[in-house]
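Q: below are the sequence and a predicted model for it; my questions follow.
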Amino acid sequence: MTVTLDLAFFRRFLDRATRVITAESTRLTELDAAIGDADHGVNLKRGFTSAVQALAADPPDSPGALLTAAGVHLTNTVGGASGPLYGTVLRRMGKVLGEDPVVAPEALARALAAAVASVRRLGDSAPGDKTMVDALQPAVDAYAEALDRGAGPVAALDAAAQAARDGAEATVPLQARRGRASYLGERSIGHLDPGAASSALLLTALYEATDPELCAAEIPTAAEPQQEHGQQPPAGRVGTVLVSHSRDVAAATAALARALVGTGDPAPVATAGGLPDGSVGTSAELVRQAVRTADEGAGVVAVCDMGSAVLTVKALLAESGISDAGVRIADAPFVEGAVAAVVTASAGGDLAAVLAAADDARTYRKI
């Protein structure tokens, strides 16, 4: 089979990538829930879908312009780290390809290599760090090696896709050294890296774009698990209570945490900010009310902003005994701990997992 790497080919690639990511978005989010922020699949699905729609409304006239426009759109619309990283991949490829109407296989090799180099610089990552690079770098190397052996673009892209899939699977036994998963330390071992998994999907879509008939076929979306007849409904999710000296700070932090969940269905979050009259301070009664609001029977994690807020919660727990019902105080910075707790709870984490995620926020690096 032969293929021309023209505008039609790269349109098929973006369309195929979008449909595959849409079909796999639930799995990608589940992978991210284990070692990340539980938003990877949702964010990529939203970003790629939006990019394809925008490109259809204002179609570029060359492969390079198409990839550049898609990359810019992803950077501007995808939340979390995925936007800048995947946007960089496509933008850098587009820049290297330039305005040529047909891309030579060797030019694609240069574009892919430049894209991966840019991602490595942006994320300060290398193979073995348990990131998307573990899928991208082997793919780029396999593509270039196949061309050097005299293979055509179809066979070379096939080799790249297989290398990306193998590279992604090889992240399972690794301990993460970069990205959100690195905060988990040894607990990141045994999990497939979601960025590597989605990168393998992207490289596979690039290979599959060589087959127009395949790209025209429908991709089944993974069905949601069905509850068996007579099975008890699942328990509620872990709740989060945000205890701050300021009503506005608590409310704004809760809004940020909900917005960063990505699924549109955040776990319960309740606030106990300030005193009942709105002045600065902490109130045991407001904390008690917030716990009742957030409690779905799976436990509640309290995230506090300063020492006296912690003392207020501790005093309440000692007096009422509600700690026996599963209320725990996170040893975490307020904003980062709140986001980690709500995101993990929204992904279905139990009380221990939510508390651990909030506590891990103490180790977030800013540089």
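A: Received it, and whenever you're ready, just let me know what you need.
Q: so T271 is in which element?
A: Using DSSP states H and E, T271 maps to strand 269-273.
Q: pull up the pairing partners for that strand, direction included.
A: Partners of strand 269-273 in the sheet, by DSSP bridges, are strand 239-244 (parallel).
Q: circling back to that earlier point, against which helices or strands is the next helix or strand after the strand holding T271 packed?
A: Counting by DSSP H and E, the next helix or strand C-terminal to strand 269-273 is helix 284-294. Here helix 284-294 touches strand 239-244, strand 269-273, strand 300-304, helix 307-320, going by 3 or more Cβ pairs under 8 Å, 6 or more residues apart in numbering; DSSP states H and E. To be clear about C-beta, it is placed using only N, CA and C from the backbone, and glycine gets the same treatment.
Q: okay, now the domains of this structure?
A: 7-216, 239-363 (automatic domain parsing).
Q: reformat these as JSON lines; add mean neighbour count.
A: Below are the domains of the chain laid out as JSON lines (neighbours: other Cβ atoms under 10 Å):
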{"stretch": "domain 7-216", "mean neighbour count": "21"}
{"stretch": "domain 239-363", "mean neighbour count": "20"}
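Q: lowest mean pLDDT across the ones you listed, which one is that?
A: Least confidently modelled of the domains of the chain is domain 239-363, at a mean of 85 by mean pLDDT.
Q: circling back to that earlier point, what angle sits between the strand holding T271 and strand 300-304?
A: 40 degrees (axes from the mean of the first three to the mean of the last three Cα atoms, to 10 degrees).
Q: who's in contact with strand 269-273?
A: For strand 269-273, contacts defined as Cβ atoms under 8 Å, 6 or more residues apart in numbering pick out 239-251, 253-254, 257-258, 282-283, 286-287, 289-291, 293-294, 338, 342.
Q: one more: stretch 66-73?
A: Outside stretch 66-73, the residues touching it (Cβ under 8 Å, 6+ apart) are 7, 10-11, 14, 47, 50-52, 54-55, 58-60, 86-95, 97.
Q: helices - which of these land there?
A: Among these, the ones falling in helices (DSSP state H) are 7, 10-11, 14, 47, 50-52, 54-55, 86-95, 97.
Q: compute the distance between the closest residue to A257 other than its chain neighbours and A170, please.
A: Leaving aside its sequence neighbours, A257 sits nearest to V342 (Cβ to Cβ, 6 or more residues apart in numbering; 3.9 Å). Noted for V342: a distance of 32 Å to A170, by Cβ to Cβ, to the nearest Å.
Q: same deal with Y86?
A: For Y86, the distance to A170 equals 21 Å [Cβ to Cβ].
Q: same question for T29.
A: For T29 relative to A170 (Cβ to Cβ), the value is 22 Å.
Q: same question for G239.
A: Applying Cβ to Cβ to G239 and A170 gives a distance of 38 Å.
Q: ok, G83 next?
A: Per Cβ to Cβ, G83 is found 25 Å from A170.
Q: likewise R288?
A: Taking Cβ to Cβ, one finds R288 at 50 Å from A170.
Q: what's the answer for R180, then?
A: If you go by Cβ to Cβ, the gap between R180 and A170 works out to 19 Å.
Q: with E296 instead?
A: 38 Å.
Q: need the phi and psi values for the spatially most central residue of the chain.
A: Nearest residue to the geometric centre of the chain (Cα atoms, centre = their mean): H40, 2.3 Å. With angles defined as degrees, to the nearest 10, H40 sits at phi -60, psi -50.
Q: equivalent analysis for A267, please.
A: Torsion angles, degrees, to the nearest 10, at A267: phi -70, psi 160.
Q: got a list of what it touches?
A: A267 is in contact with 237-240, 261, 342, 345-346, counting by Cβ under 8 Å, 6+ apart.
Q: do the same with L174
A: By Cβ under 8 Å, 6+ apart, L174 lies in contact with 128-130, 134, 188-189, 193.
Q: relative to D129, how far out is it?
A: In terms of Cβ to Cβ, L174 sits 8 Å off from D129.
Q: how about A155: what's its closest non-neighbour residue?
A: A155's closest residue in space is A146 (Cβ to Cβ, 6+ apart), at 6.0 Å.
Q: which SSE is the one you found in?
A: Secondary structure assignment for A146, by DSSP H and E: helix 133-148.
Q: and that helix, what other elements does it pack with?
A: By 3+ Cβ pairs under 8 Å, 6+ apart, helix 133-148 packs against helix 105-123, helix 153-169, helix 194-208.
Q: ok, and what's touching it?
A: In contact with helix 133-148 (Cβ under 8 Å, 6+ apart) are residues 89, 105-106, 108-109, 112-113, 115-116, 119-120, 123, 125-128, 153, 155-157, 159-168, 170-171, 174, 193, 195-197, 199-200, 203.
Q: out of the contacts of A267, flag the one nearest to L184.
A: For the contacts of A267, the residue nearest L184 by Cβ to Cβ is A345; the value is 16.4 Å.
Q: could you list which residues are in contact with the closest one?
A: For A345, the contact set (Cβ under 8 Å, 6+ apart) comprises 237-240, 267-268, 301, 354.
Q: tell me which element G64 is part of?
A: Applying DSSP H and E as the criterion places G64 in helix 63-77.
Q: for Q175, see how far away N76 is.
A: Distance of N76 to Q175, given as Cβ to Cβ: 33 Å.
Q: just Y143 next, same as before
A: 28 Å.
Q: helix, strand, or coil at A352?
A: helix (DSSP: H, G, I helix; E, B strand; the rest coil).
Q: that one and R187: what is the separation?
A: 12 Å.
Q: can you tell me what sits against stretch 179-191?
A: 31, 34-37, 81, 123, 125, 129-131, 172-176, 193, 195, 356, 360-361, 363-364.
Q: which ones among those residues lie within helices?
A: 31, 34-35, 123, 195, 356, 360.
Q: if anything else comes up later, I'll come back, but that's it for now.
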